[in-house]
Structure formats: C-alpha cells, structure tokens
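Trainee: Quick one, fold the following:
(one chain, ligands or ions: 1)
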Amino acid sequence: MILSAEPPPGALFVDSRPPADYAQGHLEGAINLDLSGFRGRLRSEEELAQLERALAELNGRIGAGPGRPVVVYDAGFNTRLAKTAFMLALGGLEVYLWPQGWEPQATQTAPTTPVPSEPWARLNREILLTADEILAQPDLLLLDVREPHEFASGHIPGARNLPLGTFGPDNAGALGLSPGQEVGVHCRSGARSASAFWILRQQGVRARNYLGSMLEWEAEADLPVER
Ligand SMILES: O=S(=O)([O-])[S-]
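Mentor: Reported below is the predicted structural model:
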C-alpha cells in the first residue's frame, strides 16, 4: 500500500536510498536497504524455496517478521523503492511505501544497528508470477511495461505493451483494468513492473509481478519470444 499520511505505529523503517543520502539524514531507527538489484532464476520449486530462505535470513537480520509493519521510503516513488518494497512483501511482510512526506523527520545521521529477530519468511505466491505460470495461463492479461522499442526488440507472445509512464494513481479503469481483475506485469528485470504492481494494487487490481521478467525469459531456451 502506498502511504499518503503517517505510517502505522511500531513500523520498521527501511530507507532504500543510496548510502550517501542515508548518511546525510534518515528517519530514526531506519535501516538502509536497497533490494532493487535482485536477479534470480525462479522456475523450480527449489529456486523458490531458496529465495524464501534468503528472505527469511534477511528478515531475521533486520528484525522484520509477522505482526510488524515495514515502511519503505525513498526520494519519491521510484523503481528502487517499488522493487525493494516488492521483495519485502514477497517474503510475507506487511509492507507500506512512503514516497514523500517523511523528509522533515529525517534527522538521524548515525547508522541504525538492526535488532535481529528469528529468521522468518512465507513466500507470498499471490503477488508473484513465474514463467511457468505464464505458460500455464495463456488467457491471463500480461502487461509489458517497458518502452515500445524494448517491446519491439522481443516480447512474450500475447503480452500487451503499456509503458510504465502510462500508469497513474487513478487511471486503471481508463486502461481497461478493473478492481479484482488478475493481471501479470513484467519489464526487463522486475523493477519498473514492481512500480506498476503497486500502482495497480492501490486501485484494487490483483497485479502479480513476473520478477524474472525479460532477463529470465530470454535466457531460457524453452520460452518463446515474439518479434
Ligand atoms: O526496470 S527494469 O527492471 O526493467 S531495468
């Protein structure tokens, strides 16, 4: 959920900005964490289980777990914020995005030492889409949020090109999407599509992010590419 007001009480703050920005001033108790660079093949059950273990280890390290909301903030609504928040939500955490409004409270300069907790994660399969699920659901509306020239260079058969810039906070209906509808979103490596994911979820559309996106799809010999 994208916050426009104060965050929930007791939240763990995650600052996804670059370390130099964090060092200049961050929210009290916030840790500095950018998960937007995540890449990984997610096709076998073992690969999914490995990701769940990695997220459990991460949650334990930063003191995140069930019952404690996590608020991720950044300098505006950007793909770094969106993908970091998506990765944490994928681990089963209750996640909020706080793109603006936090700035006046960013007064702490000393880095926060996280208080670790028991490693814990539950992979939230409801928000994740995998290549094999795309193959198994040919009727699922799949939105490729890359730019038209990227789409033209090769795309998943049946995908519809809707560049990220076309998504707005209240235009899901105008894009032909309705609350409750399930749609898949993807891009090159799951970052722009994480932004589309949150924008659509905010409007009640049941978006699922194909995290592997075209980087994974094009690397797999058995997956068809349309040009
Ligand atoms: O935003 S991206 O993952 O397509 S590089």
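Trainee: ok, now which ones touch L141?
Mentor: 160, 177, 181-184 (C-beta atoms under 8 Å, 6 or more residues apart in numbering). Bear in mind the C-beta positions are built from the backbone N, C-alpha and C, glycine included.
Trainee: can you list these in TSV and add pLDDT?
Mentor: What follows is the contacts of L141, written out as TSV (pLDDT from 0 to 100):
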residue	pLDDT
R160	98
L177	97
Q181	98
E182	98
V183	98
G184	98
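Trainee: Per the annotation, how does the protein divide into domains?
Mentor: Using automatic domain parsing, the domain ranges for the chain come out as 12-105, 128-217.
Trainee: any chance of the ones you listed in JSON lines, with distance to T113 too?
Mentor: Formatted as JSON lines, the domains of the chain follow (distance: least, C-beta to C-beta, whole Å):
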{"stretch": "domain 12-105", "distance to T113": "9"}
{"stretch": "domain 128-217", "distance to T113": "28"}
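Trainee: and the ligand, which of the ones you listed is closest to it?
Mentor: domain 128-217 (3.1 Å; C-beta to the nearest ligand atom).
Trainee: right, quick check: the closest one against the ligand, any contact?
Mentor: Yes. Where contact is defined by C-beta under 6 Å from any ligand atom, part of domain 128-217 touches the ligand, namely 187-192.
Trainee: re earlier: the contacts of L141, buried ones only, as a PyMOL selection?
Mentor: A single PyMOL command selects the buried members of these (16 or more other C-beta atoms under 10 Å):
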select buried, resi 177+183+184
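Trainee: Pick out the most distant pair among the contacts of L141.
Mentor: Largest separation among the contacts of L141 by C-beta to C-beta: R160 and E182, giving 14.3 Å.
Trainee: Which parts of this structure are helices?
Mentor: Under the criterion DSSP state H, the chain contains helices at 19-24, 45-62, 79-90, 131-136, 148-152, 192-202, 213-219.
Trainee: Quick one: end-to-end distance for stretch 70-88.
Mentor: 8 Å (C-alpha to C-alpha, to the nearest Å).
Trainee: Name the residues of it that are buried.
Mentor: Result for stretch 70-88 [16+ other C-beta under 10 Å]: buried residues 70-75, 77-88.
Trainee: picking that back up, dump the helices of the chain to TSV, plus mean pLDDT.
Mentor: Converted to TSV, these look like this (pLDDT from 0 to 100):
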stretch	mean pLDDT
helix 19-24	98
helix 45-62	98
helix 79-90	98
helix 131-136	98
helix 148-152	98
helix 192-202	98
helix 213-219	98
